[in-house]
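[1] Following is a predicted model, sequence given first.
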Amino acid sequence: MKPNPKGEIMSSDKAVKPQHIYNDLYDLLVEYFPDHRSKHGVFDVPTLAADLGKSHETIYKALLGDKLHLGVAHAILRLSHKRHPEMPLYWGDVIRFVLPEYRKLSDPSIFTEV
């Protein structure tokens with residue numbers, strides 16, 4: 001998928017500006033799936049999406065929001081175990097993208113009255 005003259009990546013009927021997808025989730029995916037880079041070194045979201053069995057729109061939406069739906073997170077974990085069994089991803093690596101308040105709500109002290 002090539003950027004248009006404005007530097008936007010077309011995802012279905014929406015344009016995704018590359019600078020908007022550089023976040024923690026993007027960094028994690030790039031780190032764990034280095035084989036999903038194009039010959040120009042750009043992270044190939046459509047190929048990753050196909051390997052995950054998801055649409056590229058779903059993956060772009062996750063990247064833009066810096067969060068994952070449970071099914072997408074599970075697909076990422078399965079693919080990481082298949083492609084990189086020596087160093088796969090685990091739930092602890094992706095839970096913050098599925099449940100953004102996980103750490104905060106895991107602290108029992110927030111539930112005690114002061």
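    On my side now, so go ahead. The structure displayed is predicted, hence computed values, not measured ones.
[2] Show me the residue at the heart of the chain, geometrically.
    Computing the C-alpha centroid of the chain and ranking residues by Cα atoms, centre = their mean puts residue 25 first, at 4.6 Å.
[3] doesn't that residue fall inside a helix?
    Yes: the assignment for residue 25 (DSSP: H, G, I helix; E, B strand; the rest coil) places it in a helix.
[4] need the contact list for it.
    By Cβ atoms under 8 Å, 6 or more residues apart in numbering, the residues touching residue 25 are 62-63, 66-68, 97. Where C-beta positions appear, they are placed from N, C-alpha and C, glycine not excepted.
[5] would you turn the residues you listed into CSV with distance to residue 48 and pLDDT?
    Shown next, in CSV, are these (distance: Cβ to Cβ, whole Å; pLDDT from 0 to 100):
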residue, distance to residue 48, pLDDT
62, 11, 92
63, 10, 91
66, 16, 89
67, 16, 91
68, 13, 95
97, 15, 94
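[6] So which of the residues you listed belong to helices?
    Among the contacts of residue 25, DSSP state H puts 62-63, 97 in helices.
[7] Cross-check the contact I'm expecting between residue 96 and residue 105.
    No: if you go by Cβ atoms under 8 Å, residue 96 and residue 105 don't touch, sitting 11.7 Å apart.
[8] Surely residue 43 is in contact with residue 32?
    No: with contact defined as Cβ under 8 Å, residue 43 does not reach residue 32; the gap is 11.3 Å.
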